[in-house]
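> sequence first, predicted model second:
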Amino acid sequence: MNNSSINAKGIQLKFSHCLILFFLLCCEMFLPLRGWAQSFSNTGAFYFTGSHNPIRTGNFRFRQFLPGDGLKVGPARVHPFLGVAQVYTDNVFRTDTQRKGGTLTTIAPGIQASLPFGGRHSMLFDYRAAQFLYAKFSQNNALAQNGLGHLQLDFPSGLKLDFQANHVEGFDPRGSQVDSRQNDITKWNVNSFRNQVEFTGANLGIRVAVNHLRLHFKNNDQAAPRDRNTTSANLTVFIPATVGASGLLGVLVADRNYDENNQLDSFSYGVFTGFRLAPSRQVSGEFNLGYSILNFDRAPLSQPPGSGLSVGGKQQKALFMRGDLRWRPTTRLDVRLRPFRAITQSAVFNTTTFIRTGAKLSVRQQLRKRFEIQGSFLYSNNNFQDSRTDNRFRWRTVLRYRTVEWLGFQLSYTFSKRSSSDNQFDFYSNTVMISVQGLL
């Protein structure tokens, strides 16, 4: 490349930056955001945009309503939205050697419809999709989809019923928790159901949740060893201790049944305690701490060579922890901590279980009504039963800018790293993303 072409590209880049700055200045002068102090609260609508891991199969949270009035269709409220992202990463295949960089375009449409009825009851339907398109490495292209329905019945007596059905067409990118190191990304679909009954009284509260998840792998010949059904339930009793704070006691059980890899069939149970703080407090959320035990239904048994099936495993015991704590010292600052520790099953590389321990810390600061900056740090230690240990780190910094209530821009940088006792799983990557997001 000659000097003249380099200079021309430099001039074009500077001109593009000037245009962007001029556009932002015009938005700041002529498009004021009146009464939109929480303009960034809807960023959860765009978790597909540019994400390498858009859906987590173990996420049983109920889908929340998107903010704003949306489009009124009779008594229903409809929110169409669209996100478009351009991503560059210096390590597309998440390897420690022969690193290759590449660009990725993501197009992420979606729509949500909510219908209130009977005063405090509601129905919600939500569909989100994302098309991942790589400029060079088309083998990484993928279409992810997520559709769900959520019915909530909220009675004045303090009784609340939630029913949610969810279908996900997703994938595991390279470098994920259970990395199969295949030449192609791992694709799967999930059907899940969550039912929850909660009663809050003056002297006692109780919550019962039952979850069912069907996981099916669609490529890389992984269906036979990894397809499974998981049914879990937990019972939690809340006892008020002070105004806005409650202690809790709970039990949990889970039953896992594999389609063909029957040596991994298991039943686990545990007990936990902790506390819950009311959302009206400056510090709010819930924290659980306890102990869990996982027993395999069958004793270890040698499998035919090349079958891809596991020999089974031994009983596992571990400290159990989960939490979602939020601190809001001001209306502009939001700090969130999510610690976790649990026994997780695996059917890759002759592993049967690993204990995952870590926490995610995120801090969000609204600078002005238009600007917001957010930083998050995730640490996870995965201790596999076969003596392999992984330490994972992820740091992400995001700058968000919103022109009007329905249109926003986002610039982010992400650093990811995995250090493993098995060197073939080591990698680090740097990723930069710019996205445009619209929500009605």
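Done, it's in.

> quick check on Ser138: phi, psi?
phi -60, psi -20 (degrees, to the nearest 10).

> what's the spacing between it and Val84?
In this view, Ser138 and Val84 are 19 Å apart by CB to CB, to the nearest Å. In short, each C-beta sits where N, CA and C put it, glycine included.

> cool, and Ser192?
Between Ser192 and Val84 the computed distance is 28 Å (CB to CB).

> rounded mean pLDDT for the one helix or strand His212 maps to, please.
Secondary structure assigned from DSSP states H and E places His212 in strand 205-217. Mean per-residue pLDDT for strand 205-217: 94.

> would you mind extracting the C-alpha trace of stretch 354-361 into PDB?
Taking Å, rounded to 0.1, in the frame of the first residue of the first chain, the C-alpha atoms of stretch 354-361 are listed here in PDB:
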ATOM      1  CA  PHE A 354     -17.300 -29.100  37.600                       C
ATOM      2  CA  ILE A 355     -17.800 -26.600  40.400                       C
ATOM      3  CA  ARG A 356     -18.300 -23.100  39.100                       C
ATOM      4  CA  THR A 357     -17.500 -20.300  41.500                       C
ATOM      5  CA  GLY A 358     -17.300 -16.600  40.900                       C
ATOM      6  CA  ALA A 359     -19.000 -13.300  40.800                       C
ATOM      7  CA  LYS A 360     -20.000 -10.500  38.400                       C
ATOM      8  CA  LEU A 361     -19.800  -6.900  39.400                       C
END
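
> which parts of stretch 103-113 are buried?
Buried residues in stretch 103-113, counted by 16 or more other CB atoms under 10 Å: Leu104, Thr106, Ile107, Ala108, Gly110, Ile111, Gln112, Ala113.

> pick the one among those closest to Gly313.
Using CB to CB, Leu104 comes nearest to Gly313 of the buried residues of stretch 103-113, at 37.1 Å.

> so between Ser138 and Val84, which is more surrounded?
Each of Ser138 and Val84 has its neighbours counted (other CB atoms under 10 Å); Val84 has more, 17 against 8.

> count the neighbours of Thr331 for me.
Thr331 has 9 neighbours, counted by other CB under 10 Å.

> same check on the one 5 residues further on?
If you count neighbours by other CB under 10 Å, Arg336 ends up with 16.

> wait, it sits on Asp324?
Yes - counting by CB atoms under 8 Å, Asp324 is a contact partner of Arg336 at 7.4 Å.

> check which helix or strand Arg402 maps to.
Per DSSP H and E: strand 389-404 holds Arg402.

> I'd like the average pLDDT over that strand.
Mean predicted lDDT for strand 389-404 stands at 90.

> roughly how far out does it sit from the chain middle?
The gap between where strand 389-404 is centred and where its chain is centred comes out at 13 Å by CA atoms, centre = their mean, to the nearest Å.

> name the residues that touch the next helix-or-strand element following that strand?
Toward the C-terminus, strand 389-404 is succeeded by strand 407-420 as the next helix or strand (DSSP H and E). Applying CB atoms under 8 Å, 6 or more residues apart in numbering, the contact partners of strand 407-420 are 39-40, 43, 46, 49-50, 94, 175, 388-403, 425-439.

> what strands flank strand 407-420, and is each parallel or antiparallel?
strand 389-404 (antiparallel), strand 427-439 (antiparallel) (DSSP bridges).

> tell me which of the ones you listed lies nearest to Asp259.
That would be strand 389-404 among these, by CB to CB, at 26.9 Å.

> in that closest one, what's buried?
Within strand 389-404, the residues that count as buried by 16+ other CB under 10 Å are Asp390, Arg392, Arg394, Arg396, Val398, Arg400, Tyr401, Arg402, Thr403.

> equivalent analysis for stretch 300-319, please.
Going by 16+ other CB under 10 Å, stretch 300-319 has these buried residues: Gln303, Gly308, Leu309, Ser310, Gly312, Gly313, Gln316, Ala318.

> now do the end-to-end distance for that stretch.
24 Å (CA to CA, to the nearest Å).

> and that stretch, what's its mean pLDDT?
On average, stretch 300-319 scores 83.

> so, low pLDDT: which residues of the stretch 201-350 of the chain?
Filtered on pLDDT under 70, the stretch 201-350 of the chain yields the residue ranges 349-350.

> which stretches of it form helices?
Taking DSSP state H, counting those that start in this stretch to define them, one finds helices in the stretch 201-350 of the chain at 223-226.
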